[in-house]
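> Below is the structure, and that's it, no one-letter string:
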Ligand SMILES: Nc1ncnc2c1ncn2[C@@H]1O[C@H](COP(=O)(O)OP(=O)(O)O)[C@@H](O)[C@H]1O
Ligand SMILES: [Mg+2]
């Protein structure tokens, strides 16, 4: 390959690589300072090539390592994690550049920005804590009810039935959680590959009502259902049920904490628009304005206030939004902090 082509390739590489590249020669003169390095140190690369590194950058762990390698004929490769003053974390790698006799003639530093990686790491760590907590809660409850049954409550038919309903609901919660974690798949299908069939929305909300009745009662909440005559819609039943149970889960969770309140499931047809609207209204803790549009983001949970103690992993609403959008529908929220919330899904007929 002709040398000038190779030179151009290196140049292209240096400018497009995601890392900051800095190289100095034996005199400390800067011979390479790519745009990423410019961004990092807030300098214009055009203006500093050929200047001495110590005239350009304040002395730091980084400049000291770079200079020490180039000054010392035998200086060897170094790797270290360093924190820049503006709270950014870097992996610093410094390579000696050798002449044919094996003596160092320059030093090349690669600075890899790890800040984003560390953020992801933190999110994942928090996720594991949240998931373990979420799994533990229903399992502890299931175990508790089973033990009570085994100790004798099973002989009372009414109590037995009630406990089994709670166990059933808690098991559903576990299944939903696991489904949510399994990369947003519903009934084994990915959201993108969902199949659509005609569904009766009245049936969906009745199932929902029966499913949550025992749980609402156990938390001292009134559960109501209200519906006009509804047309058939086209959708994926498992997926829509997952959305509705996510919304009900939240309503029960964020109202139950107050130990009293009301949740209403209502459905109506939006005349003239050819759409069905399902609302889940609660009289729970509500959501303040600044958080209202963030709650649909993945892993977003409101960290302050009473909700922070409730657990959750912040996936429910983001998955619900994806499912509803795949149905060409809309999911909306209205809320008054301290008064309650209404989540609405609007689906085309
Ligand atoms: N009905 C509700 N009332 C009050 N806050 C809610 C309600 N639904 C959702 N939220 C807020 O939105 C956040 C995200 O909800 P979601 O995605 O379901 O995650 P999770 O339930 O795992 O926390 C919740 O943590 C909560 O702060
Ligand atoms: Mg939730």
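That came through, no problem. Because the structure is a prediction, the values reported are computed rather than measured. Ligands and ions are numbered 1, 2, ... in the order given.

> Now the top helix by length along the chain: buried residues?
Looking across the chain with DSSP state H, the single longest helix is helix 115-150. Burial within helix 115-150, assessed by neighbour count using 16 or more other C-beta atoms under 10 Å, is assigned to 130-131, 134, 137-138, 141-142, 145, 149. (Each C-beta comes from the backbone N, C-alpha and C, glycine too.)

> out of those residues, who's nearest residue 296?
residue 130 (17.6 Å; C-beta to C-beta).

> so where do the helices sit in the stretch 101-250 of the chain?
Using DSSP state H, counting those that start in this stretch, the helices of the stretch 101-250 of the chain run over residues 115-150, 157-181, 201-218, 237-256.

> Of all the ones you listed, which one is nearest ligand 2?
For ligand 2, the closest of the helices of the stretch 101-250 of the chain is helix 237-256, at 4.4 Å, according to C-beta to the ion.

> From what I see, residue 198 and residue 234 are in contact.
Yes - here residue 198 reaches residue 234: they are 5.9 Å apart, a contact under C-beta atoms under 8 Å.

> who's more crowded, these two?
With neighbours defined as other C-beta atoms under 10 Å, residue 198 and residue 234 compare such that residue 234 has more, 13 against 10.

> Now do the same contact list for whichever residue of the chain sits closest to ligand 2.
Ligand 2 sits closest to residue 316 of the chain, with a gap of 3.1 Å, by C-beta to the ion. Neighbouring residues of residue 316 by C-beta atoms under 8 Å, 6 or more residues apart in numbering: 180, 246-247, 249-250.

> just to revisit the earlier point, packing partners for the longest helix of the chain?
With contacts taken as 3 or more C-beta pairs under 8 Å, 6 or more residues apart in numbering; DSSP states H and E, helix 115-150 sits against strand 88-98, helix 157-181.

> Mean neighbour count for these - can I get that in a markdown table?
Output for the helices and strands packed on helix 115-150, formatted as a markdown table (neighbours: other C-beta atoms under 10 Å):
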| stretch | mean neighbour count |
| --- | --- |
| strand 88-98 | 17 |
| helix 157-181 | 16 |
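
> weakest of those by average pLDDT?
In terms of mean pLDDT, the lowest-scoring of those is helix 157-181 (a mean of 85).

> That one and ligand 2, any residue contact?
No - for helix 157-181, no contact with ligand 2 is found by C-beta under 5 Å from the ion; the gap never falls below 8.9 Å.

> contact partners of that helix?
131, 134-135, 138-139, 141-142, 145-146, 148-149, 153-154, 185-186, 211-212, 214-215, 218, 242, 245-246, 249, 313, 315-316, 319.

> check the residues you listed against ligand 1, which are close?
Filtering the contacts of helix 157-181 for neighbours of ligand 1 using C-beta under 6 Å from any ligand atom leaves 246, 313, 315-316.

> Relative to residue 290, which of those is nearest.
residue 316 (19.9 Å).
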